[in-house]
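Novice: pasted the sequence and its predicted model underneath.
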Amino acid sequence: MDTPAVLAEGLRKRYGGRTRKGGAFALAGFDLAVSPGTVHGLLGPNGAGKTTAVRVLATLLKSDGGRAEVAGLDVARDPRGVRARIGLAGQYAAVDEGLTGRQNLDLFGRLFHLGARRARDRATELLDRFDLAEAADKGAGTYSGGMRRRLDLAASMILAPDVLFLDEPTTGLDPRGRGEVWDAVRTLVEGGTTVLLTTQYLDEADRLASRITVMDRGRAIADDTPDGLKNRVGGDRIEVVVTERADLAAAREIVARVGDGEPTVDAPERRLHAPVTDRVDALTEVARSLRDERIVVEDIGLRRPSLDDVFLTLTGHRTDEENR
Amino acid sequence: MTTATTMTATAAPTPVDLTPDTRHGRAYWAVVDCWNVVRRTLLNYRRQPLAILWVLGFPIVSVLLYGFVFGSAMRVPGGGDYREFLMPGMFATTMAFGFMNTATTVVTDVGKGVVDRFRSMPMAPSAVTTGRGVADLLVATAELTILAATALAIGWNSDGGLPATLLAFGLLLLLRFSLIWVGVWCGLVLPNAEAAGALYAVIFPLTMVSSVYVAPSLMPAWLAPVAAWNPISSTVTATRELFGNPGAGGGSWVEQNAVLMAFVWPLAITAVFLPLAVRRFQALSR
């Protein structure tokens, strides 16, 4: 592997003397290595330490232990150098609603020390690139959620940073806005930027990231490709709920034929499921066979592993137990 | 890849050189960054001019309410027109209420991640707060100008001569300056804008128990010293004296030395809250 674009070794962060339930550390020996030019997902539930990790890496927080490098520079020793090479888009769109999209980008350009003329040119270029040219001179307060996040992303891209930190970039967006942000992120990577993306959604990490680090209680508990991670959980499953319990055995036969493993049967719920790889083929095959054998089903479908499933598999506890 | 081609197609015709300007030293950038943060505030106001009117709403309504509705029932010690007595108080009240504005903007910027973005950028960290301060002083100057024009329109006047009049307005801005740091500190301590709104409950009585509306000498004996020693009272009494408006002075030492105290109080407040605000700002990274 090349020199990582982002590197964390044993990062620790304790919050101001206050002991949190379930551990005093927001980061308890966090390790991370992100290859240059890739999208790396940081996946975990609320309170896992994702945001704290990003804040340390983006020079907003000082760590209590361990070390971190971004774009080859030590974040504690050369924060100014790091700041000239990173972009940050947080959980809220940090744009001024009282300013137009253009004024927002122009202002950030000047604060990035581009000078008036280059800041103006860069604003125009980024408004085009993020598909905001038409709304450029309207107040950002009139933008939709997705547009505001795109403007926020554009602001974080002013210096074409080596590394871009995206902290839950789609939280609170509707599916359309989410899709818009995903497209924007893909465009960034094609420009060569390394992206570290935190998310609570496995689906999002799956679509964007080529590698995913799963976080729990301030530590990295898994680091794998999206497929590798899903395989550990068992990947996609086909799930059938039959109407008559008497049909369970016959249905099990059918599912066993297409599934990758032994079907799991939940008799009281009249439900059975099995891992599958050829998702649509398996679904078609099972549906046809069930109809041929005149088995009445209440429900049939493909179930993708959720973050909950990943968690349950990796930690043995569910995500919602985290905040208790 | 298809997206790559679209990118090239939509990219600006002249590629922008994105190397940050490094020809100048830190001091230069501290000033330029500060000015750009000021511009941000002014641009916000330009698109929302109603925001300034809103800040002025309270004193203008107060002038009308106290000056014209209660005015005839109000007494000025030593005699004199109540509206002439009231105007310096209105100027000072506007300055005092301004700190709410500072607190609300700071708490909103922290909550929205604007402060985080600024801190993640290679700009001068000091500009976040100095920019806020300069912008607030410019806005306060605009407020005072509009308010003074209103005051002149309803018959208020300064009889103190130009130097004294300018000194009086300077003292009002000094009060506002000191309260900027209280506002920044509150904005960094409070959790959200709603909590900042609750600061009204603090500042409202503080402006009432002062020499703004009623001379302390007319208050009950236990309340009079509290009102007299109120920092807002010192600025009000000092400006009354400098403008040559009625009701200046009073029996106590603090009222007799109002001009001195109108310097001492704001400087003391600054000495306490400026370091507190800076410490709090630095604590963001702890």
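Specialist: Looks like it arrived, so ask away.

Novice: got the buried residues for the helix or strand harbouring B:Arg46?
Specialist: Using DSSP states H and E, B:Arg46 falls within helix B:26-47. Going by neighbour count (16 or more other CB atoms under 10 Å in any protein chain shown), the buried part of helix B:26-47 is B:29-30, B:32-41, B:43-45, B:47. C-beta coordinates here come from the backbone N, C-alpha and C atoms, glycine included.

Novice: after it, which helix or strand is next?
Specialist: helix B:50-64.

Novice: for the helix holding B:Arg46, packing partners?
Specialist: helix A:101-111, helix B:50-64, helix B:127-153 (3 or more CB pairs under 8 Å, 6 or more residues apart in numbering or on different chains; DSSP states H and E).

Novice: deepest of those, which one?
Specialist: Scoring these by mean neighbour count under mean count of other CB atoms under 10 Å in any protein chain shown gives helix A:101-111 as the most buried, with a mean of 25.

Novice: for that helix, packing partners?
Specialist: The contact analysis (3+ CB pairs under 8 Å, 6+ apart) places helix A:101-111 against helix A:116-129, helix A:145-156, helix B:26-47.

Novice: can you redo those as a markdown table with distance to B:Val110 and mean pLDDT?
Specialist: What follows is the helices and strands packed on helix A:101-111, written out as a markdown table (distance: least, CB to CB, whole Å; pLDDT from 0 to 100):
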| stretch | distance to B:Val110 | mean pLDDT |
| --- | --- | --- |
| helix A:116-129 | 25 | 93 |
| helix A:145-156 | 16 | 90 |
| helix B:26-47 | 14 | 90 |
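
Novice: tally of neighbours for whichever residue of the stretch 201-324 of chain A sits closest to chain B?
Specialist: Taking CB to the nearest CB as the measure, the point where the stretch 201-324 of chain A comes nearest chain B is A:Leu208, at 13.4 Å. A:Leu208 has 23 neighbours, counted by other CB atoms under 10 Å in any protein chain shown.

Novice: for A:Val241, see how far away the residue lying closest to it once chain neighbours are set aside is.
Specialist: Spatial nearest neighbour of A:Leu208, excluding adjacent residues (CB to CB, 6 or more residues apart in numbering or on different chains): A:Val39 at 5.0 Å. Look at A:Val39 and A:Val241: by CB to CB, to the nearest Å, they are 37 Å apart.

Novice: same thing with A:Asp206?
Specialist: To A:Val241, A:Asp206 is 26 Å away according to CB to CB.

Novice: same check, this time on A:Thr198
Specialist: 35 Å.

Novice: settle it for me: which of the two has more neighbours?
Specialist: Between A:Thr198 and A:Val241, A:Thr198 has the larger neighbour count (other CB under 10 Å), namely 26 against 16.

Novice: and the pLDDT for that one?
Specialist: Note on A:Thr198: pLDDT of 94.

Novice: residue contacts, it?
Specialist: By CB atoms under 8 Å, 6 or more residues apart in numbering or on different chains, the contact set of A:Thr198 is A:Gly41, A:Leu42, A:Leu43, A:Gly44, A:Lys50, A:Thr51, A:Ala53, A:Val54, A:Leu166, A:Asp167, A:Glu168.

Novice: so it, which of the three states?
Specialist: Look at A:Thr198: counting by DSSP: H, G, I helix; E, B strand; the rest coil, its state is strand.

Novice: thought B:Ala127 was touching B:Ala30?
Specialist: Yes - at 6.3 Å, B:Ala127 and B:Ala30 qualify as touching, with contact defined as CB atoms under 8 Å.

Novice: ok now do the residue nearest to A:Leu208, which residues does it touch?
Specialist: For A:Val39, the contact set (CB under 8 Å, 6+ apart) comprises A:Val185, A:Val189, A:Thr194, A:Val195, A:Leu197, A:Leu208, A:Ala209, A:Ser210.

Novice: tell me which element the fourth one is part of?
Specialist: Following DSSP H and E, one finds A:Val195 within strand A:194-199.

Novice: paired strands for that strand, with orientation please.
Specialist: Sheet pairing here is set by DSSP bridges, and for strand A:194-199 it gives strand A:39-43 (parallel), strand A:163-167 (parallel).

Novice: including mean pLDDT, could the ones you listed go into TSV?
Specialist: Shown next, in TSV, are the strands paired with strand A:194-199 (pLDDT from 0 to 100):
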stretch	mean pLDDT
strand A:39-43	94
strand A:163-167	94
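
Novice: and of the ones you listed, who's closest to A:Thr284?
Specialist: strand A:39-43 (31.2 Å; CB to CB).

Novice: average pLDDT for stretch B:214-231?
Specialist: 91.

Novice: who touches it?
Specialist: Contacts of stretch B:214-231 with the rest of the structure, by CB under 8 Å, 6+ apart, involve B:74-77, B:175, B:206, B:209-211, B:233, B:247, B:250-252, B:254-255, B:261, B:265-266, B:269.

Novice: buried ones in that stretch?
Specialist: Neighbour-count burial for stretch B:214-231 flags B:Val214, B:Ala215, B:Pro216, B:Ser217, B:Met219, B:Ala224, B:Ala227, B:Ala228, B:Trp229, B:Asn230, B:Pro231 (criterion: 16+ other CB under 10 Å).

Novice: which of these sit farthest apart?
Specialist: Maximum pairwise distance among those (CB to CB): 18.4 Å, between B:Ser217 and B:Pro231.

Novice: hmm, back to that, what subset of the contacts of A:Val39 is buried?
Specialist: For the contacts of A:Val39, a burial check counting by 16+ other CB under 10 Å picks out A:Val185, A:Val189, A:Thr194, A:Val195, A:Leu197, A:Leu208, A:Ala209.

Novice: as CSV, the residues you listed with distance to B:Asn157 would be great.
Specialist: CSV is the format used below for the buried ones among the contacts of A:Val39 (distance: CB to CB, whole Å):
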residue, distance to B:Asn157
A:Val185, 63
A:Val189, 67
A:Thr194, 66
A:Val195, 64
A:Leu197, 64
A:Leu208, 68
A:Ala209, 70
